[in-house]
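In: quick one, structure for this:
(2 chains)
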Amino acid sequence: MNNVLKRINIFTFIKYFVYIFIIVVILYPISYMVIISFSDGLAVMKNEIWLYPKGFSLSVYDKVLRDPRIMTAYLNTIIYVIAGTSISLSTTVCAAYALSKRNKLICHKFLSIFILIPMFFGGGMIPTYLTVKNLGILDSIWAVVLPGAISSWNLIITRSFFINFPHEIEESGWLDGLSDYGILFYLVLPLSKAVLATIGLFYGVGIWNAFFGPFLYLDNKTKYPLQIILRDIVMQGVENENKMSNAALNRDGIIVGDALKYATIIVSMVPIIIVYPFIQKYYAKGIMIGSIKG
Amino acid sequence: MNLQQAFKNRINIIKPYYTKKFAYKLKRLSNSKQLLVLFMPCFIYMLLFRYLPIWGVLIAFKDYKIFKGFMASEWIGFKNFISFFNNPMVYKLIMNTFLLSLYSMLWSFPMPILLALYLNELKGARSKKFLQTVTYLPYFLSTVVVVGMFILFLSPRGFVNIAIELLNKHPIVFFSNSNYFRIIYVVMGIWTGTGWGSIIYIAALSNIDPTFYEAAKIDGATKIQMVTFITIPCILPTVVTMFLLNTGSLLSVGFERIFLMQNPANLSVSEVLSTYVYKQGIKSANMGYATAVDLFNSVVGLILIFMSNWVARSVSEYSLW
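Out: The predicted model follows:
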């Protein structure tokens, strides 16, 4: 009996240990950034800050929010996210609805394969860049929003949702003389808010986080989204610092710079953190829909 | 009745059928008119942004000059490929790409499975939910944020080095030492991807029939026996499928992450095929050549996925198709 109890205790101990370990590994880096960015510069300099902020100060946030570069980029990103999400969502939903009508849509098989092929073959970086260039949308909002507008994966998830949509509702609309558009807009869409939210969040977060597309297609600095500015700020002077020997480090000057970098990262993360609970709720569901009915 | 007559009769029999079929097609077309309109934006998008670039891959076989354009550039056959394979860099590039994704696969592939198994053992629904919420979070942070965080934490003044100093050791300048590049890359992959990757295994675990466990319990199986004889065999098909998908992408690495982590000090291990394509194609405007390298990369990827699928089908009953 005693022996069994001991074993159970060790198991539960390991269980709790792993639990806490995972949480610390993921949350500590994020909370560390928050703590540093809210702390007083002097305490940061002395490496005193580990678990909670010392000498609360908002001076770095003041600097971040006054930086015209960051604010322009923030605004740009918001515009890109709104425009991109609405374009992506509307086109995806319409196409998915059409594809879900297997018996009605002519050439259904061809169109399905047409959607599937880009999941496996792609032109690659250079041909895509040339296409964007030849379409004349380089260095404009369209270059950010259009090249990745529709993801076949999201399209398929949405389609399988529409396939499972109760037919009786659509039939009743059809009997009352609604057109296909009418059925989609008046009957189906109001009842599929969950899937719209899922797909919309998929696209929105994707555009918010996009770095390389805008980096490749945009030249004009006033059009840069947040991620590019973030990269410029965070990686600023990293190479020089790495070359410096530790003894020669001038901690005083650079610490403020680090707090500023942390604050910029936090500011760029805020919208994601706000929508995260919703995303998490819907995302997992969305993946399930896709995995059950391909 | 001569032959001609017979033929005519035949035509007369077939004709109504043809017109009927044609009428049927026409009817279907007019029935699906509105659906086709709904599909149209997607169709145009796919043609312009997905199929046009596939056609554009042909510049790999051309001496592409931007001012001449696609049509006027000269065909040069496999010259781009030959000059790539004659490049002394080629071995290094392929090895860098291959090793980076091999290490990252070996280390990060088992993690989501372990996490899912661990979550499965947790009792409380709330603590389970909380852990899931926390582990999914890094997946939603952008690559720039994640790479930026790692760079800052591992910099000479980051908390990792402060901790090392507290232990009275010399601080390590992680990012300017090429030895650490692969480790950092792999750890970053695990940190961001483990939680999200576990979703598919959690789904597989929740599909296991609970009566299996009840029967095992009655037969007096221990916890570990239940895991090895019920849980693992039940999720094996999912594991095999995911493994196949991973081997298929052995030559495609997380380009954005590497691009952001790259600096002159770690170039000897961080220069992979896709970053080379970017440098050649966009920076040096060597577009035909870069496309050839990219094409080589994706063809090898396709071959790998077909091969791994074939192997899986011949040694087990699970495969992708």
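In: from here on, contacts and neighbour counts on C-alpha atoms
Out: Noted.
In: got the phi/psi numbers for A:S140?
Out: Backbone torsions for A:S140, taken as degrees, to the nearest 10, come to phi -140, psi 170.
In: correct me, but it touches A:L218?
Out: Yes - applying CA atoms under 8 Å, one finds A:S140 in contact with A:L218, separated by 6.9 Å.
In: those two: which is more packed in?
Out: A:L218 (20 against 15; other CA atoms under 10 Å in any protein chain shown).
In: give me the neighbour count for the residue lying closest to the more buried one once chain neighbours are set aside.
Out: Of all residues not flanking A:L218 in the chain, A:D139 sits nearest, at 4.2 Å (CA to CA, 6 or more residues apart in numbering or on different chains). Using other CA under 10 Å, A:D139 is surrounded by 20 other residues.
In: tell me the phi and psi of A:D139?
Out: phi 60, psi 30.
In: tell me the pLDDT at it?
Out: In this prediction, A:D139 carries a pLDDT score of 91.
In: from B:L102, how far off is it?
Out: As defined by CA to CA, to the nearest Å, A:D139 lies at a distance of 37 Å from B:L102.
In: and if you look at B:N309?
Out: 18 Å.
In: equivalent analysis for A:L184, please.
Out: 46 Å.
In: do B:L236 as well
Out: Taken as CA to CA, the span from B:L236 to B:L102 is 21 Å.
In: likewise A:I117?
Out: On the measure of CA to CA, A:I117 and B:L102 end up 27 Å apart.
In: the two: who's more crowded?
Out: More crowded of A:I117 and B:L102, by other CA under 10 Å: B:L102, with 19 against 13.
In: could you pull up the residues touching that one?
Out: Counting by CA atoms under 8 Å, 6 or more residues apart in numbering or on different chains, B:L102 touches B:L250.
In: for it, what is the enclosing helix or strand?
Out: According to DSSP states H and E, B:L102 maps onto helix B:90-108.
In: quick one: list the elements packing against the helix or strand that that helix is followed by.
Out: Using DSSP H and E, the next helix or strand after helix B:90-108 towards the C-terminus is helix B:110-121. Applying 3 or more CA pairs under 8 Å, 6 or more residues apart in numbering or on different chains; DSSP states H and E, one finds that helix B:110-121 contacts helix B:181-206.
In: quick check: angle from the helix it packs on to helix B:110-121?
Out: Helix B:181-206 runs at 40 degrees relative to helix B:110-121, counting by axes from the mean of the first three to the mean of the last three CA atoms, to 10 degrees.
In: near chain A, which residues of the stretch 151-300 of chain B?
Out: Applying CA under 8 Å from any CA of the partner chain, we find that the stretch 151-300 of chain B lies next to chain A at B:151-152, B:155-156, B:162, B:171, B:173, B:175-176, B:191, B:199, B:203, B:256, B:263, B:277-278, B:281-282, B:287, B:290-291, B:294-295.
In: residue of the stretch 101-250 of chain A closest to chain B, please.
Out: A:G123 (4.1 Å; CA to the nearest CA).
In: quick one: that residue and B:G56 touch, right?
Out: Yes - counting by CA under 8 Å, A:G123 does reach B:G56; the two are 6.8 Å apart.
In: how close does the residue of the stretch 101-250 of chain A closest to chain B sit to B:G288?
Out: For A:G123 relative to B:G288 (CA to CA), the value is 13 Å.
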